[in-house]
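# Turn this into a model:
(one chain, ligands or ions: 1)
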Amino acid sequence: MYSLILRERSGSFTGSLWTRIFTRNMGGGPRTFPGGLNKWQWKRMHEKKAREKENKLLDQEKQLYEARIRTEIRAKMWGNSDSNEKTTKPSHHSHGPMSPKEHIKSLADRFMKAGAEDLWNEDDGPVKKSDQSSNSIDSASNSPIGVRRFVSEVSASMGNNRIFDRSSRGFSSIDRSSRGFSSMSRGRFKRNESSCDEGDDFDAKKFDTLSPFSPKFAGKKEKVKSSSNVVGVIRNKGLFSKRKFRKNDSSTEEDSEEEGNEGKMKGWMDLRKTGSSASLGNHDIKLTKRVNRNVTDEELYPPLDINTVRVDLSKRKSVDYVMEEKQEPSDSIYSAKRFDESSISPLTLKALSESGIVKMTRVQDATLAECLDGRDALVKAKTGTGKSMAFLLPAIETVLKAMNSGKNVHRVPPIFALILCPTRELASQIAAEGKALLKYHDGIGVQTLIGGTRFKLDQQRLESEPCQILIATPGRLLDHIENKSGLTSRLMALKLFIVDEADLLLDLGFRRDVEKIIDCLPRQRQSLLFSATIPKEVRRVSQLVLKRDHSYIDTIGLGCVETHDKVKQSCIVAPHESHFHLVPHLLKEHISNTVDYKIIVFCSTGMVTSLMYTLLREMKLNVREIHARKPQLHRTRVSDEFKESKRLILVTSDVSARGMNYPDVTLVIQVGIPSDREQYIHRLGRTGREGKGGEGLLLIAPWERYFLDELKDLPLEPNQVPDLDSRIKLEVDQSMAKIDTSIKEAAYHAWLGYYNSVRETGRDKTTLAELANRFCHSIGLEKPPGLFRRTAVKMGLKGISGIPIRK
Ligand SMILES: Nc1ncnc2c1ncn2[C@@H]1O[C@H](COP(=O)(O)OP(=O)(O)OP(=O)(O)O)[C@@H](O)[C@H]1O
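Got it, this is the predicted structure:
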């Protein structure tokens with residue numbers, strides 16, 4: 001994320017840039033670095049702190065878990081046998097020791113949540129019995145099925161859309177036969193496979209790389225036909241072997257720590273074979289020995305408990321099933337449920353029906369009841385499927401409830417719902433949607449706090465107009481909090497905290513600000529996180545905001561791609577020098593084939609956006625630009641115009657990548673690699689909204705091909721490089737020649753800054769300098785413009801040949 005910020009800011013490396021704080025690229029205004037730190041020291045300090053905090057959280061969780069397991073086993077060893085279990089059995093929710101039955105059941109509950117596999121480590125799987133097991137137990141009961149495989153089956157029987165409830169309320173499942181099963185089993189390996197539409201057969205090989213307990217490892221490869229079969233297998237073999245707490249995948253320090261542990265692990269693994277059920281790190285050595293002495297497998301895995309689990313699972317019901325039951329086509333974004341079947345207020349219903357909104361989308365159906373219940377939730381749903389409404393409706397209900405509670409004795413007018421989002425345009429868009437929903441609710445107001453407006457005016461507006469729902473970008477909100485504008489006391493009554501585009505806001509670039517904001521919010525509150533992409537790391541750090549017993553609601557489904565089937569995706573790999581020729585060609589081609597075209601062109605930085613816009617304007621195309629360096633008034637005007645228009649091209653940086661709802665976009669072109677896979681998905685998501693069709697095109701240079709690996713599970717078709725006709729070439733060259741050198745120089749600097757911050761390209765500075773020079777020539781600059789010495793030092797480019805330094 002930081003690199004993203006840098007990209008936006010790196011359009012021109014002027015002195016003023018480096019004296020500005022690395023605020024959010026999309027929202028915040030300038031702030032100075034406290035303590036006289038420079039930008040890099042500031043960044044490193046924050047990254048270090050964030051890492052430390054994460055590690056601390058993980059350690060705490062680990063310790064708690066270990067302590068509980070130890071207590072449970074100790075209780076089991078010393079007298080808590082089956083016979084007296086009934087009298088000594090503590091409540092499931094207490095922190096006291098559990099009986100073996102409860103222990104196995106609670107573990108089963110944890111592991112059998114689809115999605116829980118994110119929390120497993122590679123070795124999770126059943127204990128592989130010593131030789132005699134393979135000889136003495138019949139093959140059906142002895143199949144060395146992995147926990148992953150078991151969950152896959154169980155998950156499959158629940159369909160693709162799921163609600164995973166961390167509490168005992170759980171979800172329901174129905175047996176949907178092998179079709180669902182195979183799609184779910186593939187889901188867990190989505191990074192390695194193309195899509196959930198791939199063949200139907202469950203392939204045991206897929207487990208080979210994941211678990212030493214996979215069928216191949218055991219010398220067998222078998223297909224599992226029914227979940228009851230699997231349950232039987234698990235009952236006999238022991239379901240759970242080891243749960244190691246996975247640390248931050250990206251941290252090399254932590255990686256090496258885990259590697260170091262591997263040797264030790266091997267030692268205790270041998271012991272473990274004799275019977276431990278749930279184990280953790282080296283602490284299980286002791287535990288396993290005790291289990292070995294006193295407890296039999298029979299006691300640890302009582303058949304009755306597995307049956308209970310089976311019954312439990314059969315009660316759970318997936319969202320998918322609900323959809324099928326109500327005859328809704330599986331590719332529709334809509335559910336069969338109507339808003340008037342829910343408990344939202346009649347005045348909101350009136351506003352909805354007036355806008356022609358009757359049916360819920362799937363994400364709204366899947367989340368509304370949960371959110372209205374006051375539960376915390378982490379929600380994942382595809383782009384353009386109505387997530388904003390899914391959180392605005394509970395926000396309005398929360399406000400109504402709080403205002404009618406009779407406890408309204410606040411000294412200052414309270415803010416009951418706070419919605420955090422990454423960009424100014426998105427905040428305004430959500431506010432507009434909120435206002436439309438509140439049309440008939442007198443006295444309830446939605447307001448925004450976003451950068452680019454005057455601080456004092458914000459303050460006056462907040463004081464003079466009703467504001468029970470506040471929508472803010474983190475930077476500006478923090479400015480208000482830090483400047484003691486009276487906002488903190490108004491937030492003390494907060495009931496609901498919502499983070500839209502949660503993965504971006506919990507990423508390192510924003511996380512610190514989000515943490516500071518959370519520190520100012522009451523602990524007793526409901527929190528909801530929404531995004532179309534939720535990488536594993538985000539699921540982990542979501543604990544910063546959510547309660548431990550939050551629900552994870554995923555309407556996409558494991559193994560199903562996060563992009564829409566109706567959006568055709570393709571990729572062109574062409575030399576970087578040709579990109580400025582190819583883009584106009586591709587635009588003209590699309591325009592000639594599409595009557596009501598509406599195109600978004602994403603460029604990697606603000607200044608490259610500016611250059612592309614100027615070129616297209618020179619070529620007399622109907623084009624507009626938005627990026628962070630444009631004044632807010634311009635950004636708002638263009639954004640509104642693009643919403644309303646047809647036959648228009650918007651050239652933009654990532655400020656428009658997330659959440660923006662521009663209806664009926666027919667084509668999205670991404671020039672150069674996006675910052676990551678998630679950003680690709682969000683940019684692409686500007687087309688194909690509300691279940692409509694669209695087209696996405698990624699244009700990259702041959703040396704950017706490595707990025708395609710990140711997208712290999714998406715249906716991205718390779719396209720031929722189109723033959724450029726000489727007229728277009730000439731037109732581009734002539735138009736480029738007319739563009740002011742300062743725009744090109746700024747674009748060169750921004751380009752260099754962007755690719756320097758991309759890990760893969762930033763490592764080899766000499767190659768980077770060469771590529772930058774090629775880019776420089778392609779935009780008509782004779783030689784690369786010099787960098788300030790300080791800038792070159794900070795970027796690690798001082799002394800690199802091809803990087804001139806300004807005198
Ligand atoms: N139930 C509904 N019926 C009809 N239209 C709806 C419904 N819910 C939302 N919409 C419309 O769908 C469009 C897309 O919604 P929204 O912008 O909330 O999508 P999103 O899931 O938040 O997308 P992104 O992931 O890009 O942020 C909006 O125009 C919204 O008004």
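# How about residue 384: what's its closest non-neighbour residue?
Nearest-residue entry for residue 384: residue 689, 3.0 Å, with adjacent residues in sequence omitted and distances by C-beta to C-beta, 6 or more residues apart in numbering. All C-beta spots, glycine's among them, are computed from the backbone N, C-alpha and C.
# Which residues are in contact with the one you found?
If you count contacts by C-beta atoms under 8 Å, 6 or more residues apart in numbering, residue 689 has them with 383-384, 661, 663, 665.
# Same check on residue 465?
The contact partners of residue 465, taken as C-beta under 8 Å, 6+ apart, are 445, 447.
# Need phi/psi at it.
Main-chain torsions, residue 465, degrees, to the nearest 10: phi -110, psi 150.
# picking that back up, so which of the contacts of residue 689 also contact the ligand?
Of the entries in these, the ones placed beside the ligand under the rule of C-beta under 6 Å from any ligand atom are 383-384, 661.
# mind checking which helix or strand of the chain has the lowest mean pLDDT?
Taking all helices and strands of the chain together, the one with the lowest average confidence (mean pLDDT, DSSP states H and E) is helix 227-237, at a mean of 29.
# contacting residues for the residue in the stretch 701-807 of the chain that the ligand sits nearest to?
Of the stretch 701-807 of the chain, the residue with the smallest distance to the ligand, taken as C-beta to the nearest ligand atom, is residue 714 at 16.0 Å. When contacts are counted by C-beta under 8 Å, 6+ apart, residue 714 is found next to 195, 561-563, 569, 681.
# just to revisit the earlier point, just send the ones next to the ligand among the contacts of residue 689 back as a markdown table, with neighbour count and secondary structure too.
Compiled in a markdown table, these are given as follows (neighbours: other C-beta atoms under 10 Å; DSSP: H, G, I helix; E, B strand; the rest coil):
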| residue | neighbour count | secondary structure |
| --- | --- | --- |
| 383 | 24 | coil |
| 384 | 25 | coil |
| 661 | 20 | coil |
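# Let me have those in JSON lines, extended by distance to residue 804.
Converted to JSON lines, these look like this (distance: C-beta to C-beta, whole Å):
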{"residue": "383", "distance to residue 804": "42"}
{"residue": "384", "distance to residue 804": "45"}
{"residue": "661", "distance to residue 804": "44"}
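# what about stretch 545-557, start to end distance?
For stretch 545-557, the first and last residues are 23 Å from each other (C-alpha to C-alpha, to the nearest Å).
# Does it reach the ligand?
No: remark: stretch 545-557 sits outside contact range of the ligand, by C-beta under 6 Å from any ligand atom, the gap being at least 10.0 Å.
# Look up phi and psi at the residue of the stretch 701-807 of the chain closest to the ligand.
Dihedral angles of residue 714 (phi, psi; degrees, to the nearest 10) stand at phi -100, psi 150.
# distance of it from residue 674?
Distance, residue 714 to residue 674, using C-beta to C-beta, to the nearest Å: 12 Å.
# what does residue 652 give?
When distances are taken as C-beta to C-beta, residue 652 and residue 674 turn out to be 13 Å apart.
# where do the contact lists of those two overlap?
Common neighbours of residue 652 and residue 674 (criterion: C-beta under 8 Å, 6+ apart): residue 602.
# Neighbour count for these two, which is higher?
Each of residue 652 and residue 674 has its neighbours counted (other C-beta atoms under 10 Å); residue 652 has more, 29 against 24.
# how many other residues sit next to the nearest residue to that one once chain neighbours are set aside?
Closest residue in space to residue 652, ignoring its immediate chain neighbours: residue 626 at 4.5 Å, by C-beta to C-beta, 6+ apart. Neighbour count of residue 626, defined by other C-beta under 10 Å: 25.
# So what does residue 626 have for phi and psi?
Dihedral angles for residue 626 - degrees, to the nearest 10 - are phi -140, psi 130.
# same check, this time on residue 360
Dihedral angles (degrees, to the nearest 10) for residue 360: phi -80, psi 150.
# what comes up buried for stretch 799-807?
Buried residues in stretch 799-807, counted by 16 or more other C-beta atoms under 10 Å: 800, 802-803.
# now stretch 570-585
For stretch 570-585, a neighbour-count test (16+ other C-beta under 10 Å) marks 571-574, 576, 578-585 as buried.
# hey, C-alpha coordinates of it in CSV?
The C-alpha trace of stretch 570-585 is given here as CSV (Å, rounded to 0.1, in the frame of the first residue of the first chain):
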residue,chain,number,x,y,z
SER,A,570,-7.9,-10.3,-21.9
CYS,A,571,-4.2,-9.3,-21.8
ILE,A,572,-1.9,-7.9,-24.4
VAL,A,573,1.9,-8.2,-23.8
ALA,A,574,3.6,-5.5,-25.9
PRO,A,575,6.9,-3.5,-25.6
HIS,A,576,6.4,-0.6,-23.2
GLU,A,577,7.4,1.9,-25.9
SER,A,578,4.3,1.0,-27.9
HIS,A,579,1.8,1.5,-25.1
PHE,A,580,1.1,5.1,-25.9
HIS,A,581,0.4,4.1,-29.5
LEU,A,582,-1.6,1.0,-28.6
VAL,A,583,-4.0,2.7,-26.1
PRO,A,584,-5.5,5.2,-28.7
HIS,A,585,-5.7,2.3,-31.2
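# pLDDT (mean, whole number) over it?
Per-residue pLDDT values across stretch 570-585 average out to 95.
# Contacts for that stretch, please.
Applying C-beta under 8 Å, 6+ apart, the contact partners of stretch 570-585 are 601, 612, 615-616, 619, 621, 669, 671-672, 695-702, 704-705, 708, 716-722, 724-725, 728-729, 731-732, 736, 771, 774-775, 777-779.
# Kindly supply the ChimeraX command isolating those of the residues you listed that are buried.
With 16+ other C-beta under 10 Å as the criterion, this ChimeraX line picks the buried residues out of the contacts of stretch 570-585:
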select :601,612,615,616,619,621,669,671,672,695,696,697,698,699,700,701,704,708,716,728,731,732,736,771,775,778,779
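# Apart from its neighbours in sequence, what residue is nearest residue 345?
residue 400 (5.8 Å).
# mind listing what that neighbour touches?
In this structure, residue 400 makes contact with 345, 441, 444, judged by C-beta under 8 Å, 6+ apart.
# Mind checking which of those residues are buried?
Neighbour-count burial (16+ other C-beta under 10 Å) is assigned, among the contacts of residue 400, to 441, 444.
# Kindly indicate which of the contacts of residue 400 lies nearest the ligand.
Within the contacts of residue 400, proximity to the ligand (C-beta to the nearest ligand atom) peaks at residue 345, which comes in at 16.3 Å.
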